[in-house]
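Asker: below is the sequence, then the predicted model.
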Amino acid sequence: MLKQIPTHLIGGPLGAGKTSLLQSLLRQRPANEHWALLINEFGQLGLDMALLGASAVDGVTLSEIPGGCLCCVNGLPFQVGLGRLLRKAKPSRVFIEASGLGHPAALLKQLAEPPWRGVLALQPLMMVLDAASLQAGQALAETQQQALPLAGLLLCNKAEGLDVNTRHHLQQQLPVTAKVVFTSQGELEWQAVPQNLAQAATLELPNAADAPALPDLWPNPAHWRCAHQLQRAPYSLGWRMSPKQQFSLAMLQSWLQDARWQRAKGIVNTDQGWKAFNLLPEAAMAWTDSPWRQDNRIELIISDSTQLSALEQGLRAATLSQ
């Protein structure tokens, strides 16, 4: 019987620092706790597990639901994904990271209802905000605005360039019901995570069907697997390639600098080793070494679907070997 598992929902817009917050919390995980992480991405591939590196961390079980937003938790993909994760991990704590294009208020409400009531002990919502963007006048999406009054903690991230007066002015614009913490690179002390005591319950974990096993993605390493969402804006373009496929780091950086995108993520095998990137348009180009070796993954969120052919042509031009 699985019941009353402390569950933390993390919301916030694209690029605010939700993944960085999870990385910070993972480094502080109490040794006696086993954590389960469920991550939803707008794109079709699923990159955050690789970027987090949590698959190689003892005491952590991670699952992804790519291709949409966690706003309909009664849908089969969510039921199966969360149910399988709980059964596999039997966790002492759960973290759910919603896509920056998702609906955290609706998700929070639905997670408190059957079949999850009594299985999950929902903790106060954590929202990660881009403090610098807010101060510059960039408005939050309506779905994120709706969630602000429900938050127990507002993490104003990327605040290293804001002075005391600016922080005070920004805090005055946020709901007074939530605790506000200013951070850099998503670093948060574990003690600052909002928690409350839940009442005991006796509900069983709901049944969920097993998901089918994934097929071999590259019987021919020269073939790329594409996973695009082109039905409605914003669009996502995703490419997954054999780990034997290698890229020129310089040419790949040039491709990223020339392309028009709203978000770019990837883990790639380059002529300078395996590298990861997680970028916003206004941010400086940054690469980090990655222990990932399973495959190459690149995903973009764009506003113009007519770019697809040119973007893929440019990306293929950055390869060194097939």
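Answerer: Thanks, I have it. Residues are numbered from 1 along each chain as shown.

Asker: would you map the strands across the stretch 201-322 of the chain?
Answerer: 225-226, 235-241, 246-247, 263-270, 273-279, 288-289, 296-302, 319-321 (DSSP state E, counting those that start in this stretch).

Asker: so which of the ones you listed gets nearest residue 165?
Answerer: Checking the strands of the stretch 201-322 of the chain against residue 165 by CB to CB gives strand 273-279 as the closest, at 30.3 Å. Quick note: C-beta positions are derived from backbone N, CA and C, even for glycine.

Asker: just the CA coordinates for the closest one, please, in PDB.
Answerer: C-alpha atoms of strand 273-279 as PDB (Å, rounded to 0.1, in the frame of the first residue of the first chain):
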ATOM      1  CA  GLY A 273      33.800  15.400 -26.000                       C
ATOM      2  CA  TRP A 274      30.200  15.000 -24.900                       C
ATOM      3  CA  LYS A 275      28.600  18.400 -24.300                       C
ATOM      4  CA  ALA A 276      25.200  19.600 -22.900                       C
ATOM      5  CA  PHE A 277      23.500  22.900 -23.600                       C
ATOM      6  CA  ASN A 278      20.300  24.400 -22.200                       C
ATOM      7  CA  LEU A 279      19.800  27.800 -23.700                       C
END
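
Asker: what helices and strands are in contact with it?
Answerer: Helices and strands touching strand 273-279, by 3 or more CB pairs under 8 Å, 6 or more residues apart in numbering; DSSP states H and E, are helix 48-52, helix 249-258, strand 263-270, strand 288-289.

Asker: would you turn those into TSV with distance to residue 189 and mean neighbour count?
Answerer: Listed next are these as TSV, based on distance: least, CB to CB, whole Å; neighbours: other CB atoms under 10 Å:
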stretch	distance to residue 189	mean neighbour count
helix 48-52	19	21
helix 249-258	34	16
strand 263-270	27	22
strand 288-289	23	10
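
Asker: would CSV of the ones you listed with distance to residue 300 be doable?
Answerer: Output for the helices and strands packed on strand 273-279, formatted as CSV (distance: least, CB to CB, whole Å):
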stretch, distance to residue 300
helix 48-52, 15
helix 249-258, 9
strand 263-270, 5
strand 288-289, 18
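
Asker: alright, calling it a day.
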